[in-house]
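A.B. asks: below: sequence and its predicted model.
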Amino acid sequence: MIRRLIFAFISIAISITIASSIKAAETIRPNVLFIAMDDLNDWIGCMGGHPQTITPNLDRLAKSGVLFTNAHCAAPACNPSRISVFSGIAPNVSGVYANNQVLREVLPDVELLPKSFSKNGYRSTGSGKMLHYIIDAQSWDDYFPEPASEMPIPHTLYPDKRPVSLPRAGPWQYVETDWGALETTDQEFGGDFTVSQWVSEQLAQKHDNPFFLACGIYRPHEPWFVPAKYFEPFPLESILIPPGYKEDDLADLPPEGQRQGPNRYFAHIQKQGQWKHAIQSYLASIHFADAMLGRVLDALDNSEYADNTIVVLWSDHGWHLGEKQHWQKYTAWRVCTRIPLMIRVPKNCPGLPEGTSSGICNQPVNLVSLAPTLFDLCGLPPSKVHDGPSLTPLLKDVDGQWPHVSVTCLHNPGDYGLSDNRWRYIHYANGDEELYDIAADRYEWNNLAADPKYADKLAELRAKGPTSFASKPEPSIQSLNKLTWVTLGDDKAPPSRPDGSQFPVFFINQSEAPVKLYWVDRMGQPKFYEEIQPTKTARQATRPGAIWQITNLQDKPLGYFKVDDRSAQAIIPAH
Ligand SMILES: [Ca+2]
Ligand SMILES: [Ca+2]
């Protein structure tokens, strides 16, 4: 009897101990270190994208948690990709598909990740590029360098005289497409070094609340200038071209694929003999970004938060370096949609008490899942607006059941790429399709869409694609870049040198008198277009390098604008 009582007592005592330890585990509130890299494709050691890449810090982070090898962005451009990460809303639902759209114009009331964490007792801070050249200060408790500036990137050293390596081929060319080694130190270079410094300082401090800490590393985004020591391991004569490059790769593409592939950048880079130098500079920029990541990881390891912080690292989209005759981004091919994604979860998080072990997950996942995953892991109440499935089941078991596909929406609503665990399907709004078997063809060289043998597979994947696409609101005129007004005295406006794709420029008459708008032709002769009344705006389709002259009603030239590489507003001042 006594024995039984003692046994019962011990059992109760053990139950209470277990219950209280479970309760203690449930109450742990993990910190989040949220690291973004910009324009980083799979050229990292643990993903094997390029044999020469050197990324010890990315590799050690990957090894310490779960590396997703089949992760894709929601859109292959900074702005829509990042908005989908921070809102948890897919582009075909939000209507944000392109870089020129404005977050708060399209989604005025959307709650972004840091705000959700703040509302749940966290302190949300960050530095560096997380959103597309804005901070969205309302979403954060603090930001470095200065929230009110809305400029997330600290001062960075650039060469005084540019271009350094790639001559400007015309006004269509993005001014940052350029590269070279800088004779400078990391500290003098600033930029990502300064970001890593600030983030490391936050990790060294005592915090009363759990934190959501964002670290936006801007390299390897263009321009590919980094301190010279990061170029040293990549001698130019040793550089290998991208393993996914195939010269005649376009032949089996449908018309829309053939249109999206070749662009002027790659042709220009090849013509200038700059291809290998560019590859070298991308590798150097990745090497530098990896070193900056290493500083942050070291700071975390040496902090009191080493064992209670979730670490998420992602890149916003991939990058072409000549594959499919393309340079840059914006395409639905795997080289452009696939990104590094790694997640490390410590023990005792509400959504995953056992934490992550070292593992590799090959299931198709998407960055739109990051928000619901973090909500889940940290025990935040689920959001009704999140579109993606939480990745927690895969963090628990990398080989677990996963019925989902991963979709990347392009710039034009209706164009998308889709990945399952083996296949890739590309659909263009005009009905053109591509199909690739990644198990046999990792570089997407053999388009199988026209082969009747794969008709069933094509139909199966087509049926898994998005069924609706939100319309795409254009940015307001006020949000556009402003062209420089050049006052004309007795001089003549220069001739136009139009070159590049067409877009609208908005001429806004802020003077008190009506004016006349002239296009200056290639010979320097003005050609009348229209009169613009005071306070009125004229919309004009035009191209990079075009010159638009303004005169008074008596045809006296007042000034002119030179059109840059994108849509803009042209404000006609009082005169
Ligand atoms: Ca980017
Ligand atoms: Ca091909």
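C.D. replies: Great, that's in hand. Ligands and ions are numbered 1, 2, ... in the order given.
A.B. asks: right, and Arg462 touches Ile426 too?
C.D. replies: No - look at Arg462 against Ile426 with C-beta atoms under 8 Å: they stay out of range, at 10.7 Å. Backbone N, C-alpha and C define where each C-beta goes, glycine included.
A.B. asks: and the two? Which one has more around it.
C.D. replies: Ile426 (30 against 13; other C-beta atoms under 10 Å).
A.B. asks: pLDDT value on the more buried one, please?
C.D. replies: pLDDT recorded at Ile426 is 98.
A.B. asks: so it belongs to a strand, correct?
C.D. replies: Yes - counting by DSSP: H, G, I helix; E, B strand; the rest coil, Ile426 is part of a strand.
A.B. asks: the nearest residue to it once chain neighbours are set aside: neighbour count?
C.D. replies: Nearest residue to Ile426, sequence neighbours excluded (C-beta to C-beta, 6 or more residues apart in numbering): Glu434, at 4.1 Å. Residues near Glu434, counting by other C-beta under 10 Å, number 23.
A.B. asks: do the same with the one 5 residues further on
C.D. replies: Applying other C-beta under 10 Å, we find 9 other residues in the vicinity of Ala439.
A.B. asks: was I right about it contacting Arg422?
C.D. replies: Yes - between Ala439 and Arg422 there is a contact under C-beta under 8 Å: 5.1 Å.
A.B. asks: for the single nearest residue of the chain relative to ligand 1, which non-adjacent residue is spatially closest?
C.D. replies: Closest to ligand 1 within the chain is Cys78: 3.7 Å, counting by C-beta to the ion. The shortest distance from Cys78 to any non-neighbouring residue, by C-beta to C-beta, 6+ apart, is to His132 (4.6 Å).
A.B. asks: check what pLDDT that neighbour gets.
C.D. replies: Value listed for His132 in the pLDDT field: 97.
A.B. asks: identify the contacts common to Arg462 and Ile426.
C.D. replies: Glu433 (C-beta atoms under 8 Å, 6 or more residues apart in numbering).
A.B. asks: just how off-centre is the helix or strand containing the residue nearest to Ile426 within its chain?
C.D. replies: Here Glu434, judged by DSSP states H and E, is contained in strand 433-437. Chain-centre distance of strand 433-437: 24 Å, with C-alpha atoms, centre = their mean, to the nearest Å.
A.B. asks: over to stretch 44-52?
C.D. replies: Centre to centre, stretch against its chain (C-alpha atoms, centre = their mean), the figure for stretch 44-52 is 20 Å.
A.B. asks: tell me which stretches of the stretch 451-575 of the chain form strands.
C.D. replies: 481-482, 486-487, 503-509, 515-520, 526-532, 537-542, 547-551, 557-562, 568-572 (DSSP state E, counting those that start in this stretch).
A.B. asks: check which helices and strands the longest helix along the chain sits against.
C.D. replies: When the chain is parsed with DSSP state H, its longest helix is helix 275-301. Using 3 or more C-beta pairs under 8 Å, 6 or more residues apart in numbering; DSSP states H and E, the elements in contact with helix 275-301 are strand 31-37, helix 56-63, strand 179-182, helix 192-204, strand 211-217, strand 224-227, strand 309-315, strand 320-321.
A.B. asks: wait, which of these is closest to Gly273?
C.D. replies: strand 179-182 (13.3 Å; C-beta to C-beta).
A.B. asks: give me the buried stretch members for the closest one, please.
C.D. replies: Across strand 179-182, burial judged by 16 or more other C-beta atoms under 10 Å covers Trp179, Gly180, Ala181, Leu182.
A.B. asks: try stretch 102-110
C.D. replies: Quick answer for stretch 102-110 (16+ other C-beta under 10 Å): Val102, Leu103, Val106, Leu107, Val110.
A.B. asks: now stretch 117-134
C.D. replies: Buried residues in stretch 117-134 (16+ other C-beta under 10 Å): 117-118, 120, 122-132, 134.
A.B. asks: among those residues, which are in helices?
C.D. replies: Phe117, Ser118.
A.B. asks: out of the buried residues of stretch 117-134, which one sits closest to Pro495?
C.D. replies: Closest to Pro495 out of those is His132 (34.6 Å), distances taken as C-beta to C-beta.
A.B. asks: can you pull the residues of the stretch 401-550 of the chain lying near ligand 2?
C.D. replies: Trp445 (C-beta under 5 Å from the ion).
A.B. asks: can you list the domains in this protein?
C.D. replies: What automatic domain parsing lists as the domains of the chain is 25-403, 477-572.
A.B. asks: what packs against the strand holding Glu434?
C.D. replies: Against strand 433-437 (3+ C-beta pairs under 8 Å, 6+ apart) you get strand 423-427, helix 455-464.
A.B. asks: any idea of the angle it forms with helix 455-464?
C.D. replies: 110 degrees (axes from the mean of the first three to the mean of the last three C-alpha atoms, to 10 degrees).
A.B. asks: for strand 433-437, which positions count as buried?
C.D. replies: For strand 433-437, by 16+ other C-beta under 10 Å, it's Glu433, Glu434, Leu435, Tyr436.
A.B. asks: now do it against strand 423-427, angle only.
C.D. replies: 170 degrees.
A.B. asks: so what touches strand 433-437?
C.D. replies: So strand 433-437 is contacted by 253-254, 257, 334, 422-427, 444, 446-449, 454, 457-458, 461-462 (C-beta under 8 Å, 6+ apart).
A.B. asks: swap in stretch 441-460?
C.D. replies: Contacts for stretch 441-460 (C-beta under 8 Å, 6+ apart): 243-244, 246, 249, 252-254, 257, 323, 333-335, 423-425, 433-438, 440.
A.B. asks: now it: buried residues?
C.D. replies: Neighbour-count burial for stretch 441-460 [16+ other C-beta under 10 Å]: Arg442, Tyr443, Glu444, Trp445, Asn447, Leu448, Ala449, Tyr454, Lys457, Leu458.
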